[in-house]
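Chemist: Show me how the following folds:
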Amino acid sequence: MTSPANGRTVSMITSPLEAEHAERIASAFADRVDVTYRPDLMPALRYRGDHGDPAWRRTPEQEREWHELLRRAEILLDFPQNESIPLLELAPRLRWVQTTSAGVGPLVQRLGLQDSDLIVTTASGIHAQPLAEFVFAALLFHGKELGRLQADQRARQWNRFSGSELAGQTMAIIGPGRIGQQIGRIARAFHMRVVAMGRDNDPARARTLGMDRLFTRGELLTMLGEADCLVVCAPLTPETDGLLGAGEFAALKPGVVFINIGRGAIVDEDALLARLRRGDIAFAALDVFREEPLPPSSPLWDMPNVLINPHSASTVDTENGKIVDLFLRNLEHYLNGELALLSPQLDKRRMY
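Modeler: The predicted structure follows:
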């Protein structure tokens, strides 16, 4: 699908993508854009929505060809993985990267791009619905005791019991962005009270975000004390790194449910483990971890009150279609010189 540049805009797909979506990109602006799509130089798709096996490597010959293609590219769909050479040296013509993830701030920092003129647009909001669905799958799994039902069914036992309902509970959200707001909307449909930690506690802003109340960072312990369930969906930034430690977990009421779909480094895992072992945190659903893949030696694997998701809560069969829709909208703005309309743009200093 690669064409000579001939003075035209060159866009390159740098992570695995289903062929039908690559065809959509290639045909959308065929009179103005040459699209490089070389699945033979990328890891094979393991499932729909896969963005690449991080353990996969090119041969030296493939690497030379890959780098030659990068040198021609003005636009990248996703950051290329496992590159030892700085990106702007590999791709000196590069002006814009559309990523396939929302939380790319730390990656941009690691790549040394925070002070560059490179435009980075993220997939912020694309994953809000599947992540919100995972949150409520976890809450209902715990509250309706679906694990008990499965165990009793396998044992052919008829044991009546009393579950819990979400209505009337308080959900606390750390990270009231696009994902947090979608979680809040669904929580309100379950007749839950929804509070969040934000930059300020302005009631008008709380209403705009769909929250019953906002708490500042200084009021975090107070918010945690009100929570029946705590959901972390914030990006990893200097402000959120290590945000939840022993003191914060101690502020939670007994029997709370904890869900992390943000980033693992936001949480002190040792402090979380201690509270889970004591039963102070009744149940935890974890999609992200400080070290990924989660090591087999981690005690989290064996805990009966923990649900482990291998950082896949956001990955659904419709994901790449939505990402390509976003990319094509942004590509039209780019081609028309409307760079200010590229959205959502990463603030490289704030890292989100």
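
Chemist: for the stretch 1-150 of the chain, what spans make up the helices?
Modeler: Along the stretch 1-150 of the chain, the segments classed as helices by DSSP state H, counting those that start in this stretch run 19-28, 60-72, 87-90, 105-110, 128-143, 146-154.

Chemist: most tightly surrounded among the ones you listed?
Modeler: helix 128-143 (a mean of 20; mean count of other Cβ atoms under 10 Å). Every C-beta, even on glycine, is put in place using the N, C-alpha and C of the backbone.

Chemist: Now do that helix: distance to the chain's middle.
Modeler: Computed by Cα atoms, centre = their mean, to the nearest Å, the chain-centroid distance of helix 128-143 equals 15 Å.

Chemist: Keeping just the C-alphas, turn it into PDB.
Modeler: Extracted C-alpha coordinates of helix 128-143, given in PDB (Å, rounded to 0.1, in the frame of the first residue of the first chain):
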ATOM      1  CA  ALA A 128     -14.700   5.400  27.900                       C
ATOM      2  CA  GLN A 129     -17.600   3.000  27.200                       C
ATOM      3  CA  PRO A 130     -15.800  -0.300  27.400                       C
ATOM      4  CA  LEU A 131     -13.900   0.800  30.500                       C
ATOM      5  CA  ALA A 132     -17.200   2.000  32.200                       C
ATOM      6  CA  GLU A 133     -18.800  -1.400  31.300                       C
ATOM      7  CA  PHE A 134     -15.900  -3.200  33.000                       C
ATOM      8  CA  VAL A 135     -16.400  -1.100  36.100                       C
ATOM      9  CA  PHE A 136     -20.000  -2.100  36.400                       C
ATOM     10  CA  ALA A 137     -19.300  -5.700  35.400                       C
ATOM     11  CA  ALA A 138     -17.000  -5.800  38.400                       C
ATOM     12  CA  LEU A 139     -19.400  -4.100  40.800                       C
ATOM     13  CA  LEU A 140     -22.200  -6.400  39.800                       C
ATOM     14  CA  PHE A 141     -20.000  -9.500  39.900                       C
ATOM     15  CA  HIS A 142     -19.200  -8.600  43.500                       C
ATOM     16  CA  GLY A 143     -22.600  -7.300  44.700                       C
END
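
Chemist: before we move on, back to that, looking at the helices of the stretch 1-150 of the chain, which is closest to residue 227?
Modeler: helix 128-143 (12.4 Å; Cβ to Cβ).

Chemist: Let me see the ranges of the strands in the stretch 151-300 of the chain.
Modeler: 170-174, 193-197, 213-215, 229-232, 256-260, 281-286 (DSSP state E, counting those that start in this stretch).

Chemist: So what are the sheet partners of the second one and their directions?
Modeler: What it means is strand 193-197. strand 170-174 (parallel), strand 213-215 (parallel) (DSSP bridges).

Chemist: ok, back up a step: dump the strands of the stretch 151-300 of the chain to TSV, plus distance to residue 13.
Modeler: What follows is the strands of the stretch 151-300 of the chain, written out as TSV (distance: least, Cβ to Cβ, whole Å):
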stretch	distance to residue 13
strand 170-174	34
strand 193-197	36
strand 213-215	40
strand 229-232	32
strand 256-260	31
strand 281-286	31
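
Chemist: could those be laid out in TSV, adding mean pLDDT?
Modeler: Output for the strands of the stretch 151-300 of the chain, formatted as TSV (pLDDT from 0 to 100):
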stretch	mean pLDDT
strand 170-174	99
strand 193-197	98
strand 213-215	98
strand 229-232	98
strand 256-260	98
strand 281-286	98
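
Chemist: Contact partners for residue 169?
Modeler: Counting by Cβ atoms under 8 Å, 6 or more residues apart in numbering, residue 169 touches 192, 193, 228, 229.

Chemist: Using the record's domain definitions, break the protein down for me.
Modeler: In terms of domains, the chain is parsed into 9-125+317-341, 128-308 (source: automatic domain parsing).

Chemist: and the end-to-end length of the first one?
Modeler: In this case it means domain 9-125+317-341. Counting by Cα to Cα, to the nearest Å, you get 18 Å between the two ends of domain 9-125+317-341.

Chemist: try stretch 189-209
Modeler: Span of stretch 189-209 from end to end, Cα to Cα: 15 Å.

Chemist: Check what contacts that stretch and list those residues.
Modeler: Applying Cβ under 8 Å, 6+ apart, the set of residues contacting stretch 189-209 is 136, 166-176, 180-181, 184, 187-188, 210-217, 219-220, 223, 226-227.

Chemist: Same question for stretch 68-80.
Modeler: By Cβ under 8 Å, 6+ apart, the list of residues contacting stretch 68-80 reads 2, 5, 9-15, 17, 25, 36, 38, 41, 51, 66, 87, 90-100, 104, 107, 111, 327, 331, 334.

Chemist: sorry, back to before: nearest to residue 150, of the contacts of residue 169?
Modeler: For those, the nearest to residue 150 is residue 229 (21.8 Å; Cβ to Cβ).

Chemist: now the closest one, nearest residue through space, not along the chain?
Modeler: residue 257 (4.1 Å; Cβ to Cβ, 6 or more residues apart in numbering).

Chemist: about what we covered before: pick the one among the contacts of residue 169 closest to residue 156.
Modeler: Distance ranking of these against residue 156, using Cβ to Cβ, places residue 229 first at 32.5 Å.

Chemist: Please name the bridge partners of the closest residue to residue 226 other than its chain neighbours.
Modeler: Of all residues not flanking residue 226 in the chain, residue 170 sits nearest, at 5.2 Å (Cβ to Cβ, 6+ apart). Bridge pairing for residue 170 (DSSP bridges) gives the partners residue 193.
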